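Asker: Got a predicted model here, sequence first, then my questions.
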Amino acid sequence: MKQKCAFFDFDYTIAHGDSIRKLLSYTLKKYPLSVFRFLPLIPYGIGYVLHICSMESMKSWVHFPLDLLTEEEIKDCYEKDIVPTYYPHMVEEMKKRQEEGCLVFLVTASAEAYMRFNTLPCDELMGTKTQIKNGHYTSRIIGENCKGKAKVTRINQYMKEHDLEIDYDHSYGYSDSDLPMLELCRYRYRVDRKDGHLSDF
């Protein structure tokens, strides 16, 4: 069955800025000694640039706050530091598409470990998955970083599992840069990283 869809990126699309930086900042304020956790990021960053280590390996280390913070603290960070950075007009855009009968996807490289605390008008959240141990989300990434072609794979898998087909001519995509996802739909919008202004891609 064909289904109208609306695909939304998150960082610099729904919210201004990089959400993981906000999580890192929150962690540093709450646990100042965690600054020493940043030291290994230097070799990981160099390794990634030199193609010695994967994006997933580097990003797993960046997500170290997930190993330190409690569920309540992660939720507190999301609500206090990320929600206020939402672009109001983009939240309204999500509501509008949902009211028009679109299946609204929030598809992001940000970790589901903290993105699950969103209350945005979306029907399906797809983010980078991390391992759950003893009921707690950890920093270790499972599978691929949810970016670029990995987003397309996740979306197509969802559609297949639900016996749905994207109605290309009546679907919408929003991102500051993620073209592979936008190519799934006819109507594509670029979100300006500075002010959230919408323009045709």
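Answerer: Structure's in. What do you need? Numbering: from 1, shown residues only.
Asker: Tell me if I'm right that Ala113 and Thr130 touch.
Answerer: Yes: Ala113 lies in contact with Thr130 (CB atoms under 8 Å); the separation is 5.2 Å. (Each C-beta comes from the backbone N, C-alpha and C, glycine too.)
Asker: list the residues that contact both of the two?
Answerer: Shared contacts of Ala113 and Thr130, defined by CB atoms under 8 Å, 6 or more residues apart in numbering, are found at 63, 66, 137.
Asker: Of those - the most surrounded one?
Answerer: Among the shared contacts of Ala113 and Thr130, the one with the most neighbours (other CB atoms under 10 Å) is His63, at 23 neighbours.
Asker: how far away is the residue lying closest to that one once chain neighbours are set aside from Pro32?
Answerer: Spatial nearest neighbour of His63, chain neighbours left out: Ser139 (3.8 Å); criterion: CB to CB, 6 or more residues apart in numbering. Ser139 sits at a distance of 19 Å from Pro32 (criterion: CB to CB, to the nearest Å).
Asker: of these two, who's got more company?
Answerer: Neighbours per residue (other CB under 10 Å) separate Ser139 from Pro32, with Ser139 holding more: 18 against 9.
Asker: Now do the SS call for the more buried one.
Answerer: strand (DSSP: H, G, I helix; E, B strand; the rest coil).
Asker: helices or strands up against the host helix or strand of Met159?
Answerer: Here Met159 sits within helix 149-161, counting by DSSP states H and E. Counting contacts by 3 or more CB pairs under 8 Å, 6 or more residues apart in numbering; DSSP states H and E, helix 149-161 packs against strand 103-111, strand 124-133, strand 165-166, helix 179-182.
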